[in-house]
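**Student:** no letters, just coordinates:
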Ligand SMILES: CC(=O)N[C@H]1[C@@H](OP(=O)(O)OP(=O)(O)OC[C@H]2O[C@@H](n3ccc(=O)[nH]c3=O)[C@H](O)[C@@H]2O)O[C@H](CO)[C@@H](O)[C@@H]1O[C@H](C)C(=O)N[C@@H](C)C(=O)N[C@H](CCC(=O)O)C(=O)O
Ligand SMILES: Nc1ncnc2c1ncn2[C@@H]1O[C@H](COP(=O)(O)OP(=O)(O)OP(=O)(O)O)[C@@H](O)[C@H]1O
């Protein structure tokens with residue numbers, strides 16, 4: 001619900017001025033004067049006074065639900081020609097209908113007008129895209145921004161896979177769980193309005209490639225957008241890596257983002273998507289190299305990485321200004337140094353941007369990075385330590401979200417122990433990119449000593465077939481490599497976790513990968529409650545092993 005309502009006439013003129021060539025019917029004064037106070041794309045979310053955005057999709061057309069939409073008090077509809085036909089057939093000229101060809105693309109600008117989003121409105125937006133690291137990097141961003149803004153009485157926000165949150169600090173925020181990594185455009189602009197009402201000065205937001213392809217970020221403008229990496233995933237949507245790359249590259253254009261910070265890690269072995277992204281980006285582009293074996297030069301570079309507790313300390317060096325900033329992260333894994341470095345550089349560059357004043361200076365950011373330990377936050381289900389295993393009283397035990405080849409490699413590299421066995425429980429989601437499953441099975445048996453293939457989120461697929469796809473790659477890798485890896489198939493996942501703990505000695509390490517923070521499995525539409533972190537703690541305690549107390553958000 002907005003304070004300053006917008007008329008259908010004003011909205012139509014705006015869409016005309018921004019090139020969407022709208023047709024309004026009925027062409028009548030009362031249609032023009034109709035007042036809009038919100039927008040919705042899901043028929044079940046329509047509220048009185050809303051503009052309903054009826055899109056054509058694989059399962060249905062939104063206009064098929066027009067009677068429900070009317071009963072919920074929609075004031076007007078934005079749709080395509082097919083939608084207009086359906087609406088006229090169902091209810092005649094009861095409602096003003098604005099027809100445009102590109103409904104999904106127009107939905108963002110339309111919602112922006114209704115909810116008051118502009119290029120300079122609060123909150124300042126920090127977006128992150130990439131195959132892996134989006135959730136972790138946005139948690140790091142939010143923690144750093146709240147360190148800078150809370151002392152000034154200003155709040156921060158977070159939009160992503162795990163939750164949507166707003167408040168002074170991550171601990172004391174209003175939080176709602178997310179059903180999508182990046183919500184629909186109409187929800188995003190409603191969120192921006194809510195954030196403004198909640199005194200949110202800056203927000204960190206995950207931008208999935210689906211979101212970009214489905215035009216969900218249309219009408220938003222990013223102060224800074226960050227790129228983590230591009231590796232195999234979601235090829236079921238994008239088809240090829242080139243198309244996947246193009247989808248993500250759309251975020252780093254001056255028409256949408258003020259400053260692009262691109263991670264260009266590239267060991268020279270594989271094609272560097274980061275370099276290509278930096279070359280494709282327009283507007284202000286800053287590059288970041290985070291791996292010591294990177295063969296490239298970048299504006300910012302990570303140096304002097306050293307172990308610190310379970311995580312790492314590192315130095316950020318600006319090759320142009322000579323600046324050196326020392327910081328650290330508590331999360332294990334060299335990839336979390338990459339995520340922390342990306343979050344740090346995004347905020348450092350925002351602070352220096354003459355075109356958009358932030359409420360903190362570059363010096364404030366340096367001081368926060370060096371003294372406030374902003375990257376010592378727990379990111380639910382991302383390298384979450386359930387048992388430290390440091391005192392010999394029991395195995396180390398970690399829960400992580402890795403569910404694609406590159407994430408698995410990076411995570412397994414991070415937890416491989418010099419001594420002791422590495423015991424891995426892995427599965428794969430149904431109805432998502434099947435082609436990566438054999439690769440994941442092969443990586444598992446090459447990098448772990450004991451692998452238990454189990455279930456993840458089968459959705460509508462046969463769980464046994466998903467496990468078979470993983471086992472095929474695993475068995476093939478064992479045969480080709482003459483590996484001595486122990487390979488088991490155990491379902492349900494609870495039994496696999498119990499078996500992993502039973503197989504572990506006190507000096508070993510257990511890693512549950514793929515589900516992270518998730519609290520249920522989607523079994524053919526039925527939700528089966530299981531939280532890897534709770535199950536792992538249960539199985540460890542049952543054998544008398546110590547665990548870290550954790551509130552599993
Ligand atoms: C692949 C994908 O992203 N599909 C999105 C797309 O679906 P679609 O084009 O087929 O549209 P549709 O589902 O037929 O719906 C069309 C219209 O009918 C309505 N409808 C449709 C069916 C129904 O039963 N009831 C109903 O009211 C819809 O609300 C909509 O108004 O448009 C729909 C409406 O806007 C989205 O809900 C749907 O997201 C689905 C639910 C989804 O699962 N998306 C996932 C893959 C996704 O977006 N994931 C990314 C993260 C990916 C990752 O990084 O792992 C995310 O950002 O969450
Ligand atoms: N920078 C990185 N490079 C490679 N792998 C990473 C990186 N950061 C995290 N990972 C691995 O990928 C997994 C997913 O991390 P995270 O949830 O932060 O990324 P994401 O992009 O939000 O993932 P998703 O899109 O699946 O939600 C982690 O659990 C870890 O295994």
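**Tutor:** Ah, there it is. Every value quoted in this text rests on a predicted model; they were computed, and no experiment measured them. Ligands and ions are numbered 1, 2, ... in the order given.
**Student:** distance check, residue 402 against ligand 1.
**Tutor:** When distance is defined by CB to the nearest ligand atom, to the nearest Å, residue 402 is 13 Å away from ligand 1. Yep, even glycine has a C-beta here, placed from its N, CA and C like the rest.
**Student:** can you list contacts of stretch 468-485?
**Tutor:** With contacts defined as CB atoms under 8 Å, 6 or more residues apart in numbering, stretch 468-485 is touched by 426-428, 434, 437-442, 444-446, 448-451, 453, 487, 489.
**Student:** of those, list those near ligand 2.
**Tutor:** Of the entries in the contacts of stretch 468-485, none also sits close to ligand 2 under the rule CB under 6 Å from any ligand atom.
**Student:** for the chain, what helix or strand is lowest in average pLDDT?
**Tutor:** helix 235-238 (a mean of 75; mean pLDDT, DSSP states H and E).
**Student:** which residues are contacting that one?
**Tutor:** Residues from elsewhere that reach helix 235-238, judged by CB under 8 Å, 6+ apart: 209, 210, 213, 241, 244, 247, 431, 432, 433, 434, 435, 436.
**Student:** tell me the one among these nearest to residue 413.
**Tutor:** Closest approach to residue 413 among the contacts of helix 235-238 (CB to CB): residue 436, at 18.0 Å.
**Student:** count the neighbours of the residue in the chain that ligand 1 sits nearest to for me.
**Tutor:** Nearest residue of the chain to ligand 1: residue 57, at 2.0 Å (CB to the nearest ligand atom). Around residue 57 there are 10 other residues, counting by other CB atoms under 10 Å.
**Student:** residue 452 versus the residue nearest in space to the middle of the chain, what's the distance?
**Tutor:** For the chain, the residue nearest the mean C-alpha position is residue 206 (4.0 Å; CA atoms, centre = their mean). Taken as CB to CB, to the nearest Å, the spacing of residue 206 relative to residue 452 amounts to 30 Å.
**Student:** got it, and residue 284?
**Tutor:** In terms of CB to CB, residue 284 sits 47 Å off from residue 452.
**Student:** those two - which one has more neighbours?
**Tutor:** Taking other CB under 10 Å, residue 284 and residue 452 do not tie; residue 452 has more neighbours (26 against 15).
**Student:** whatever helix or strand the more buried one lives in: how far from the chain's middle?
**Tutor:** According to DSSP states H and E, residue 452 maps onto strand 450-453. Here strand 450-453 is found 27 Å from its chain centre; the criterion is CA atoms, centre = their mean, to the nearest Å.
**Student:** pLDDT of it, averaged?
**Tutor:** On average, the pLDDT along strand 450-453 is 98.
**Student:** now find how far off-centre the helix or strand following that strand is within its chain.
**Tutor:** Using DSSP H and E, the helix or strand that follows strand 450-453 in sequence is helix 463-481. Its chain's C-alpha centre and that of helix 463-481 lie 29 Å apart, by CA atoms, centre = their mean.
**Student:** so which bits of helix 463-481 are buried?
**Tutor:** Neighbour counts over helix 463-481 (16 or more other CB atoms under 10 Å) mark 463, 466, 467, 469, 470, 471, 473, 474, 477, 478 as buried.
**Student:** just send these back as CSV, with distance to residue 7 and pLDDT too.
**Tutor:** Below are the buried residues of helix 463-481 laid out as CSV (distance: CB to CB, whole Å; pLDDT from 0 to 100):
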residue, distance to residue 7, pLDDT
463, 52, 97
466, 51, 97
467, 56, 98
469, 54, 97
470, 56, 98
471, 60, 98
473, 58, 98
474, 61, 98
477, 63, 97
478, 67, 97
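**Student:** for residue 384, state which of those residues is nearest.
**Tutor:** residue 470 (22.8 Å).
**Student:** which residue, other than its chain neighbours, is closest to that closest one?
**Tutor:** Leaving out its chain neighbours, the residue that sits closest to residue 470 by CB to CB, 6 or more residues apart in numbering is residue 441, at 4.0 Å.
**Student:** wait, that neighbour sits on residue 447?
**Tutor:** No. If you go by CB atoms under 8 Å, residue 441 and residue 447 don't touch, sitting 11.5 Å apart.
**Student:** look at these two and report which has more neighbours.
**Tutor:** Neighbour count, other CB under 10 Å: between residue 441 and residue 447, residue 441 has more, with 27 against 19.
**Student:** got the contact list for stretch 445-453?
**Tutor:** Contacts for stretch 445-453 (CB under 8 Å, 6+ apart): 408-409, 412-413, 416, 421-427, 441, 444, 467, 470-471, 474, 477-478, 481, 483, 485-490, 496, 499-500, 503, 511.
**Student:** restricted to helices, list these.
**Tutor:** If you go by DSSP state H, the contacts of stretch 445-453 have 408-409, 412-413, 441, 444, 467, 470-471, 474, 477-478, 481, 496, 499-500, 503 in helices.
**Student:** circling back: paired strands for the strand holding residue 452, with orientation please.
**Tutor:** Using DSSP bridges, the strands paired with strand 450-453 are strand 422-426 (parallel), strand 486-489 (parallel).
**Student:** now, of those strands, which is deepest in the fold?
**Tutor:** Of all the strands paired with strand 450-453, strand 422-426 has the most neighbours on average by mean count of other CB atoms under 10 Å, namely a mean of 26.
**Student:** contacts for it?
**Tutor:** 395, 408, 412, 415-416, 440-441, 444, 447-454, 456, 470, 493, 496-497, 500, 503-504, 508-514.
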